[in-house]
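Q: no FASTA, just this:
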């Protein structure tokens, strides 16, 4: 099983390299960089001016990346969990999978005021484990191309059951009830063996 803390750090790094701030840097830096290179053969004043523009662009990009990180890591990393869950839903949607339970869980992460209040005070491990499980399951399913849908559907049931239970019980009870079975599901190789899934599923074709 991947450690949730390690997984959250990986989400932060992905945000730094793939988030809105990073994308804006990728689009905004090349033009002033090219202009700076071209200006080096011209008057010194022009070269200094273009270097200043390039420096401002770099600093602004770093500021945007920092704002992305700070915003996502506030409230005990609730923002990172939201982004990860939304990306997982996009991944399974590309496989042609629509899960009402996953949709409701992701919507709850974004719009449930009770979750916002809870995450201001503490981490909710049950929520972290469900998002982690959804992320791992969607990534592995997407690697199997046209078979990915069957991989996901064959192994989604423990996660879907946990999401359904999470929807029906108070947050404090969810922490008591869901952490142990979610941890066991993520740890058990018989349940979480992607190569085993592939072999059993491909055998049906």
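A: Cool, the structure landed. A quick note: this is a predicted structure, and the numbers were derived from the prediction, not measured.
Q: so residue 108 touches residue 167, yeah?
A: Yes - look at residue 108 against residue 167 with C-beta atoms under 8 Å: they come within range, at 7.1 Å. For every residue, glycine as well, the C-beta is placed using N, CA and C.
Q: between these two, which one's more packed in?
A: residue 108 (16 against 13; other C-beta atoms under 10 Å).
Q: which element is that one on?
A: helix 100-111 (DSSP states H and E).
Q: Flag every buried residue along that helix.
A: 101-102, 105-106, 108-109 (16 or more other C-beta atoms under 10 Å).
Q: pLDDT (mean, whole number) over that helix?
A: Per-region confidence: helix 100-111 scores 93 on mean pLDDT.
Q: Would you mind pulling the contact partners of that helix?
A: Helix 100-111 has contacts (C-beta atoms under 8 Å, 6 or more residues apart in numbering) with 78, 81-82, 85-86, 88-89, 92, 115, 127, 130-131, 134, 160, 163-164, 166-167.
Q: Among those residues, which are located in helices?
A: Among the contacts of helix 100-111, the ones falling in helices (DSSP state H) are 78, 81-82, 85-86, 88-89, 92, 115, 127, 130-131, 134, 160, 163-164, 166-167.
Q: ok, the buried residues of helix 100-111 vs residue 140, which is closest?
A: Of all the buried residues of helix 100-111, residue 102 has the smallest distance to residue 140: 15.4 Å, by C-beta to C-beta.
Q: Endpoints of stretch 112-126, how far apart?
A: The straight-line separation of the ends of stretch 112-126 (C-alpha to C-alpha, to the nearest Å) is 16 Å.
Q: picking that back up, need the buried residues of helix 100-111 in JSON lines (columns: distance to residue 155).
A: Shown next, in JSON lines, are those (distance: C-beta to C-beta, whole Å):
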{"residue": "101", "distance to residue 155": "14"}
{"residue": "102", "distance to residue 155": "13"}
{"residue": "105", "distance to residue 155": "16"}
{"residue": "106", "distance to residue 155": "19"}
{"residue": "108", "distance to residue 155": "22"}
{"residue": "109", "distance to residue 155": "21"}
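Q: quick one: low-confidence ranges for the protein?
A: 1-2, 42, 188-205 (pLDDT under 70).
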